[in-house]
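Enquirer: Have a look at this prediction, sequence included:
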Amino acid sequence: MSFKNVRLWIATAAVIVAAGASSAAFAQNIAVVNGKPIPKERVDALVAELVRQGQTDSPQLQAAVREELVNREIMMQEAEKEGIPNQPGVKAQMVLAQQSVAIRQLIANYMKTNAPTDAELKAKYDEAIKQVQGKEYHLHHILVDNEQQAKDIIAKLKAGGNFDDLAKQYSKDTGSAAHGGDLDWANLQSYVPEFGAAAAKLQKGQITDEPVKTQYGWHIIRLDDTRPVKVPAFEDVKPQIAQQLQQEKLQAYEQSLRAKAKIQ
């Protein structure tokens with residue numbers, strides 16, 4: 001929502017009297033448009049949403065929101081005069097919009113009362129690190145379309161050719177070719193099985209003697225180094241674990257509600 005070029009709206013005592021509103025009513029409403037009050041709660045709700053989107057609460061924002069809500073009320077009253085809210089398609093959209101707001105609050109309420117505990121987060125972390133095993137491999141590769149070309153490149157390497165230069169010249173893996181075929185550190189499970197199996201047989205500094213065929217083409221692989229898998233500290237990944245657990249809890253909540261629902 002944009003509030004550019006918004007004229008500040010200021011309710012005066014004269015307007016209140018003309019609208020027939022009492023001072024007590026005005027304290028609860030930000031305006032009365034054609035006899036219909038606009039409650040302050042709408043301002044608070046819209047300001048809160050804009051703040052969540054990154055805007056700063058300020059007198060200027062408050063004034064702009066008041067102006068926007070007055071304009072909305074004027075337009076809504078005109079739409080009601082034309083019977084627009086009663087049109088079938090519009091009614092359906094309004095129902096969906098109401099559902100979205102209510103469901104969003106339902107989820108917020110649930111997550112507030114079912115936030116993951118530190119014990120749950122630590123248990124999830126411990127479970128995850130148990131599955132982290134083995135080593136990470138720092139690999140380079142050259143990917144080409146056919147076996148013969150791969151063999152020709154291996155021959156050039158054995159004759160003293162520079163792997164990085166040949167990768168830049170011939171590899172069709174554009175993501176790594178620009179960096180001399182560098183695949184950075186990764187565990188072998190990150191690769192397709194044929195590639196990982198071939199890399200696992202290499203010693204540090206060794207290049208595959210024969211091309212390795214995968215669904216992507218033919219590879220020449222070089223192993224630069226290995227290291228134990230580095231396990232991140234709990235505090236470093238705690239936010240990600242919390243997000244994952246929140247999603248799991250929410251999914252379980254939705255499934256439980258559906259299981260209890262009578263669907264015909």
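Expert: Nice, thanks for sending it over. None of the values given here were measured: they were computed from a predicted structure.
Enquirer: my read: residue 51 touches residue 62, true?
Expert: No: using Cβ atoms under 8 Å, residue 51 makes no contact with residue 62, being 11.1 Å away. In this view, the C-beta of every residue, glycine as well, is placed from N, C-alpha and C.
Enquirer: of the two, who's got more company?
Expert: Using other Cβ atoms under 10 Å as the criterion, residue 51 and residue 62 rank with residue 62 on top: 16 against 12.
Enquirer: What is the end-to-end distance of stretch 198-205?
Expert: This stretch, stretch 198-205, spans 14 Å end to end (Cα to Cα, to the nearest Å).
Enquirer: joint contacts of residue 51 and residue 62?
Expert: When Cβ atoms under 8 Å, 6 or more residues apart in numbering defines a contact, no residue borders residue 51 and residue 62 alike.
Enquirer: In which helix or strand does residue 103 reside?
Expert: If you go by DSSP states H and E, residue 103 is part of helix 88-113.
Enquirer: what's that helix packed up against?
Expert: Applying 3 or more Cβ pairs under 8 Å, 6 or more residues apart in numbering; DSSP states H and E, we find helix 88-113 packed against helix 234-260.
Enquirer: Quick one: mean pLDDT over the helix it packs on.
Expert: Throughout helix 234-260, pLDDT has a mean value of 95.
Enquirer: Provide the secondary structure category for the residue nearest to residue 211 when sequence neighbours are not counted.
Expert: Leaving aside its chain neighbours, residue 211 sits nearest to residue 150 (3.5 Å; criterion: Cβ to Cβ, 6 or more residues apart in numbering). Secondary structure, DSSP: H, G, I helix; E, B strand; the rest coil: residue 150 is helix.
Enquirer: Now do the contacts for residue 150.
Expert: By Cβ under 8 Å, 6+ apart, the contact set of residue 150 is 142, 144, 211, 218, 219, 220.
Enquirer: so where's the stretch 51-200 of the chain uncertain?
Expert: Where the stretch 51-200 of the chain drops to pLDDT under 70, the residues are 133.
Enquirer: And the strands in it, which stretches?
Expert: With strands called from DSSP state E, counting those that start in this stretch, the stretch 51-200 of the chain shows them at 135-144, 182-186.
Enquirer: Redo these as JSON lines? Include distance to residue 228.
Expert: As requested, the strands of the stretch 51-200 of the chain are exported to JSON lines (distance: least, Cβ to Cβ, whole Å):
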{"stretch": "strand 135-144", "distance to residue 228": "6"}
{"stretch": "strand 182-186", "distance to residue 228": "11"}
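Enquirer: out of those strands, nearest to residue 78?
Expert: Across the strands of the stretch 51-200 of the chain, residue 78 has its closest neighbour in strand 182-186 (60.4 Å, Cβ to Cβ).
Enquirer: Which residues outside stretch 94-103 are in contact with it?
Expert: With Cβ under 8 Å, 6+ apart as the test, stretch 94-103 has contacts from residue 85.
Enquirer: tell me how far that stretch is from the chain's mean position?
Expert: The chain centroid and the centroid of stretch 94-103 are separated by 22 Å, computed with Cα atoms, centre = their mean, to the nearest Å.
Enquirer: Kindly report the same for stretch 161-178.
Expert: 33 Å.
Enquirer: buried stuff in that stretch?
Expert: For stretch 161-178, the buried set under the neighbour-count rule, 16 or more other Cβ atoms under 10 Å, comprises 163, 164, 166, 167, 168, 170, 171, 173, 176, 177.
Enquirer: And that stretch, end to end?
Expert: One end of stretch 161-178 to the other measures 17 Å (Cα to Cα).
Enquirer: And stretch 225-243, by the same measure?
Expert: Terminal-residue distance, stretch 225-243 (Cα to Cα): 34 Å.
Enquirer: List the buried residues for that stretch?
Expert: 226, 237, 238, 241, 242.
Enquirer: With distance to residue 30 added, can I get the buried residues of stretch 161-178 in a markdown table?
Expert: Below are the buried residues of stretch 161-178 laid out as a markdown table (distance: Cβ to Cβ, whole Å):
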| residue | distance to residue 30 |
| --- | --- |
| 163 | 70 |
| 164 | 67 |
| 166 | 71 |
| 167 | 66 |
| 168 | 65 |
| 170 | 69 |
| 171 | 64 |
| 173 | 60 |
| 176 | 59 |
| 177 | 61 |
